[in-house]
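Participant: All I have is the shape, not the residue letters:
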C-alpha cells in the first residue's frame with residue numbers, strides 16, 4: 001500500500017468521523033427516530049387551483065397590465081408577453097409548485113433538494129415578507145375609498161371641500177371658466193393626495209400617522225388573520241369566494257363599460273397593434289417583469305401552496321390552467337378599465353392617453369373620476385372598490401399563508417399554536433406598515449415597491465432557481481421525480497429542460513442586466529429621495545438577491561475538510577422520509593452512495609461534532 005499524500009489524509013479525516021447506522025425502515029428512516037406529523041392538505045383537488053387564481057390575480061391585473069399594454073403598442077405587447085410566459089413564466093411556475101408538492105414542505109425546507117442553495121427559499125420568503133408589509137397598505141387605501149362611497153355625492157367629485165386648493169377645477173368651475181392659480185388639478189387627484197395621503201414634501205417629513213388609514217390598516221389585517229388563522233383547510237374554503245367573486249363584478253363592470261359613450265375609443269386605444277414597438281427593448285423589459293409580477297414567481301408562496309397538494313396530484317394540469325386564466329384575466333381587466341377611460345375621455349373632450357394612468361393612479365384617481373360621470377355613481381363606486389378589496393385580500397392572505405407555512409416548517413413546535421404564530425406575524429408586518437400610513441408614508445411605500453419586491457429581486461431568484469435545478473440537482477433527475485407524481489409530466493419536461501438550462505436564466509439575466517444598466521434613482525411626483533433613502537432601498541433589494549450566496553457560504557464554513565468535499569456534500573439532496581415511504585417512492589434512485597458519511601460541527605464546541613443537519617434528515621450520504 002503506497003504512502004498517502006496530505007490531501008488523501010485530509011479527506012479520510014473528513015470522512016472517518018463514523019458511520020451512521022440505518023434505521024429499521026431502511027435508508028428513508030429518520031436519524032433521530034422522531035415521528036413526523038401528518039401534513040395538512042387541500043380538501044379537494046380544486047382548492048389548489050382556485051387558491052392559485054386568488055393569489056396571483058390581483059391589483060397587477062387591473063392596474064399594471066392594462067397600462068403596460070396600451071403604453072407598449074396595444075395588442076402587439078401580447079407577443080413579448082406570451083413569449084416570456086412560455087420560456088420563463090410557466091417553467092418556473094411549474095418548478096416552484098411541483099418542488100413543494102414533491103418535498104411536501106414549504107419554500108425554505110423544500111430547497112433542501114439542493115442544500116447548497118437552500119438560501120433560495122429564504123430569499124423568496126424574505127421578498128414575500130417585504131411584499132406583505134406594503135401590499136396591504138393598498139388595501140387600507142381601498143377600504144378608505146369603499147367606506148366613503150356610501151354617499152349620495154362622492155367626495156372626490158367636486159371642489160370646494162376643506163382639502164381642495166384654489167387650483168381645483170371641477171365641472172361647475174370649468175363651465176364658469178374658472179382660472180387656476182397654478183396648474184389646474186382635478187378634484188379626484190386632490191382627494192387622493194390631500195385627503196387620503198395628506199402627502200408631505202418628502203420621506204424625511206413623515207408628519208405623523210394618518211389616523212383614518214390606521215383604522216383601515218387594522219381592519220385589513222384583521223380580515224387577513226380571519227382568513228388564514230385556522231390553516232389551509234379553512235383557507236381553502238375562504239378562497240372560493242375571494243377568488244371567484246371579483247369575476248362577477250368584472251363582468252358587471254364590463255357590461256356597464258361597453259355600453260357607455262366613447263367606450264369603443266378606449267378599447268381601440270387599448271388593443272390597437274403597433275408593430276413598430278417590438279423594436280423597443282423597453283417593451284420586452286415590461287413584458288418580462290410583468291410575467292413575474294402577475295404570476296407571483298420568486299416569492300416562495302407558490303412552493304408553499306404546492307406543498308399542501310397530495311403527492312400524486314396533477315400539478316401540471318393546474319399550472320397550465322392557471323397560466324391561461326391569469327393571462328386572460330389581465331386582458332379582460334384591461335377591457336373593463338379602458339372602456340370606462342374611453343367614456344371619460346369623451347366626456348372631457350380629450351384623448352385616452354391623457355386620462356390613462358398606471359399604478360395606484362389608475363385605481364385611485366382615473367377610475368374614481370370616471371365613476372363620478374356615471375348615473376347613480378355611488379353604486380358603481382361601491383362595486384368597483386369592493387372588487388378591488390376582494391382582489392387584494394386573497395392575494396394578501398395567501399401570501400401570508402405562504403410565509404407562515406415556510407416558517408412553521410422550520411419551527412414545528414409552533415404548529416400547535418398556529419393561531420398565536422399567525423397573529424404575531426400579522427402584528428410584525430402591521431408595525432412595519434405603520435411607516436407607510438404616515439403623511440409621508442407614500443414615499444416609504446414607493447421605496448418598498450421599487451426595491452424590496454422589485455423586478456430585479458424577483459429576476460435574481462429566477463436565475464438562482466434555474467441554476468439550482470438544472471445545473472446542480474440536474475434537470476433530467478428532477479424530471480424523473482416529477483414522473484413519480486404524475487405521468488403527464490413526460491410530455492413537457494423536454495421543453496422545461498431547455499428553459500431551465502438556457503432560456504429562462506438567459507432571458508431573466510438579460511432583463512436583470514438591462515434594469516441595472518438603466519437604473520436611475522427613485523423619485524415620486526418629482527421629489528428626489530435623499531441618499532440615505534436610496535441606500536436603504538438597495539439594502540432591501542440586495543438582502544434578498546444575495547441571500548442564496550450568503551447561506552451557501554455559511555453552510556460551507558460549517559463543514560470540516562477540503563472545500564471540494566464540503567461543496568460535494570452540500571449538493572446532495574436531503575429528504576424527509578414519511579411521505580416517500582407511504583407513496584413507495586425512493587428519492588435516492590439513480591444516485592451513488594459515497595463511501596463514508598460526513599458530519600458537521602455546528603455546536604459552539606468544535607470538539608462536539610453533530611450529524612449532518614442535526615440528524616433531522618436522511619442519514620445515508622448520496623451524490624450524483
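Facilitator: Noted; the coordinates are in hand. Predicted model, so just to flag it, every value in this text is computed and none were measured.

Participant: any idea how far stretch 126-143 is from the chain center?
Facilitator: The chain centroid and the centroid of stretch 126-143 are separated by 11 Å under Cα atoms, centre = their mean, to the nearest Å.

Participant: Quick one: mean pLDDT over that stretch.
Facilitator: In this model, stretch 126-143 has a mean pLDDT of 94.

Participant: Quick check: buried residues in it?
Facilitator: By 16 or more other Cβ atoms under 10 Å, the buried positions in stretch 126-143 come out as 126-143. In this view, the C-beta of every residue, glycine as well, is placed from N, C-alpha and C.

Participant: quick one: which of those sit in helices?
Facilitator: Within the buried residues of stretch 126-143, residues falling in helices by DSSP state H are 126-143.

Participant: Tell me where the model's unsure across the stretch 451-600 of the chain.
Facilitator: Within the stretch 451-600 of the chain, the stretches falling below the threshold (pLDDT under 70) are 576-578, 582, 588-600.

Participant: ok, 50 please
Facilitator: 593-600 (pLDDT under 50).

Participant: With the chain instead?
Facilitator: Across the chain (using pLDDT under 50), the flagged ranges come out as 1-35, 593-624.

Participant: for it, what spans make up the strands?
Facilitator: Per DSSP state E, the chain carries strands over the ranges 523-524, 527-528, 592-593, 599-600, 610-611, 622-623.

Participant: In contact with residue 529, which residues?
Facilitator: Listed by Cβ atoms under 8 Å, 6 or more residues apart in numbering, the contact partners of residue 529 are 202, 203, 443, 447, 521, 522, 523, 537.

Participant: cutoff 7 Å now
Facilitator: Contacts for residue 529 (Cβ atoms under 7 Å, 6 or more residues apart in numbering) come out as 203, 521, 522, 523.

Participant: Equivalent analysis for residue 209, please.
Facilitator: 434, 437, 438.

Participant: mind redoing it with 6 Å?
Facilitator: 437, 438 (Cβ atoms under 6 Å, 6 or more residues apart in numbering).

Participant: That one pairs with what?
Facilitator: For residue 209, the beta-bridge partners are residue 438 (DSSP bridges).

Participant: how close does it sit to residue 353?
Facilitator: As judged by Cβ to Cβ, to the nearest Å, residue 209 and residue 353 stand 37 Å apart.

Participant: Same check on residue 228?
Facilitator: 41 Å.

Participant: the more surrounded of these two?
Facilitator: Neighbours per residue, other Cβ atoms under 10 Å: of residue 228 and residue 353, the larger number sits with residue 228, 26 against 11.

Participant: I'd assumed residue 401 was in contact with that one.
Facilitator: Yes. Counting by Cβ atoms under 6 Å, residue 228 touches residue 401, with 4.8 Å between them.

Participant: burial count for residue 532?
Facilitator: Residue 532, neighbours per other Cβ under 10 Å, totals 10.

Participant: gap between it and residue 48?
Facilitator: Taking Cβ to Cβ, one finds residue 532 at 44 Å from residue 48.

Participant: before we move on, what about residue 251?
Facilitator: 24 Å.

Participant: Between the two, point out the one with more neighbours.
Facilitator: Set residue 251 next to residue 48 and count neighbours by other Cβ under 10 Å: residue 48 wins out with 26 against 12.

Participant: For that one, give me its contacts.
Facilitator: 42, 309, 318.

Participant: if you set the cut-off to 10 Å instead, what comes out?
Facilitator: Neighbouring residues of residue 48 by Cβ atoms under 10 Å, 6 or more residues apart in numbering: 41-42, 97, 101, 232, 236, 239, 305-306, 308-310, 313, 315, 318, 322.

Participant: ditto for residue 507
Facilitator: 83, 84, 87, 88, 284, 288, 291, 459, 462, 463, 499.

Participant: of all the residues you listed, which two lie farthest apart?
Facilitator: Among the contacts of residue 507, the pair separated by the greatest distance (Cβ to Cβ) is 83 and 463, at 18.0 Å.

Participant: Could you report the separation of the most centrally placed residue in the chain from residue 267?
Facilitator: In the chain, the residue lying closest to the centroid (Cα atoms, centre = their mean) is residue 296, at 3.6 Å. Relative to residue 267, residue 296 is positioned 28 Å away (Cβ to Cβ).

Participant: can you check residue 498 too?
Facilitator: Following Cβ to Cβ, the distance that separates residue 498 from residue 267 is 37 Å.

Participant: Could you check which of those two is surrounded by more residues?
Facilitator: Between residue 498 and residue 267, residue 267 has the larger neighbour count (other Cβ under 10 Å), namely 19 against 15.

Participant: residues contacting that one?
Facilitator: 257, 258, 334, 335, 338, 339, 341, 342, 352.
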